[in-house]
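build me a model from this:
(chains A and B)
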Amino acid sequence: NAGVTQTPKFQVLKTGQSMTLQCAQDMNHNSMYWYRQDPGMGLRLIYYSASEGTTDKGEVPNGYNVSRLNKREFSLRLESAAPSQTSVYFCASDQGLKNEKLFFGSGTQLSVL
Amino acid sequence: GNSVTQMEGPVTLSEEAFLTINCTYTATGYPSLFWYVQYPGEGLQLLLKATKADDKGSNKGFEATYRKETTSFHLEKGSVQVSDSAVYFCALSDRGNQGGKLIFGQGTELSVKP
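Numbering: from 1, shown residues only, chains lettered A, B, ... in the order given. All right, here's what the predicted structure looks like:
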C-alpha cells in the first residue's frame, strides 16, 4: 500500500538553484496539497489542487510553482531557491470532502545554503 | 480568518500520567475539527475527528470533545505511554464538498519518559 509517495527524501541546494519535488498518490484522490513545516509554525499550505486541472495558492505561495500533471501527480518547483525555503515539505491528498482525513507523504527535508 | 491555536510545547510527562493538550479555534460557520499525530521521521496521520458541536472523537485512548461554546477541542488521554511521544497537531476544516484546505495549529511536542 504505497499511499502518498514523495521524492526525494533529502536535498541540499545552493542559493539560486532550482529543483522539483515530486509527489504521487495511488488512492484515486481528487485533491492534493503541498505544505511546509517549520519549527513553531506548524504546517502552512503552499499550494493545493482541488481537482485535476486546477491549482490554487495557499498561505505561503511566494517562490514556488506547482503542476498537477494528472490525477496522480502533483509537483512543487522552486525556481530560485533561497535560505528561507529551508524546511520540511509534505505532500498530502484526499477526496476534498469536508470531514475526510488527509493522507500525508513522509516528507522531504530541504536545506538551502 | 480561520485559525487554530495550540498550547506551546514541549510537554514532558512520565509514563501513565494524564495528558491534556489545549486547542482553541476561530472560525465562521461550522467547521470540522481534527487531531493529527506525527511520529518521528514520518508524515502526519489522523488521530481523531469531530464534525459537529458536542461530538466526541476518540482513538487509541485519546479523546477530544467539540465545544462550540468555548471554541475548543482539547486532546486528552488518561494514561500516556512512551510510544505516545510525538508531535500533535490540531486542525480545522471549514470547506464544503468542493475541496479546500485544512488549517493547522503550530503543533505540540509530547515526550513521555519511562
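
wait, is A:S84 part of a helix?
Yes. Under DSSP: H, G, I helix; E, B strand; the rest coil, A:S84 sits within a helix.

and what about A:Q22, helix, strand or coil?
In terms of secondary structure, A:Q22 is strand; the call rests on three-state DSSP.

separation between the residue lying closest to it once chain neighbours are set aside and chain B?
Of all residues not flanking A:Q22 in the chain, A:T7 sits nearest, at 4.8 Å (CB to CB, 6 or more residues apart in numbering or on different chains). All C-beta spots, glycine's among them, are computed from the backbone N, C-alpha and C. For A:T7, the distance to chain B (CB to the nearest CB, to the nearest Å) stands at 14 Å.

given the helix or strand bottoming out on mean pLDDT in chain B, what are its sheet partners and their directions?
Within chain B, confidence by mean pLDDT, DSSP states H and E is lowest for strand B:102-104 among all helices and strands, at a mean of 87. The partner list of strand B:102-104 in its sheet, established with DSSP bridges, is strand B:86-93 (antiparallel).

what residues does chain A have near chain B?
Neighbours of chain B within chain A, by CB under 8 Å from any CB of the partner chain: A:4, A:30-31, A:33, A:35, A:40-45, A:48, A:50-51, A:58, A:90, A:92, A:96-99, A:101-102, A:104-107.

what's the offset of the least confident helix or strand of chain B from the middle of its chain?
The chain centroid and the centroid of strand B:102-104 are separated by 11 Å, computed with CA atoms, centre = their mean, to the nearest Å.

quick check: next helix or strand after it?
If you walk from strand B:102-104 toward the C-terminus, the next helix or strand you reach (DSSP states H and E) is strand B:108-113.

buried sites along stretch B:74-82?
B:74-75, B:77, B:80 (16 or more other CB atoms under 10 Å in any protein chain shown).

and these as TSV, adding secondary structure and distance to A:S18?
Putting these into TSV (DSSP: H, G, I helix; E, B strand; the rest coil; distance: CB to CB, whole Å) gives the following:
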residue	secondary structure	distance to A:S18
B:H74	coil	43
B:L75	strand	40
B:K77	strand	45
B:V80	coil	44
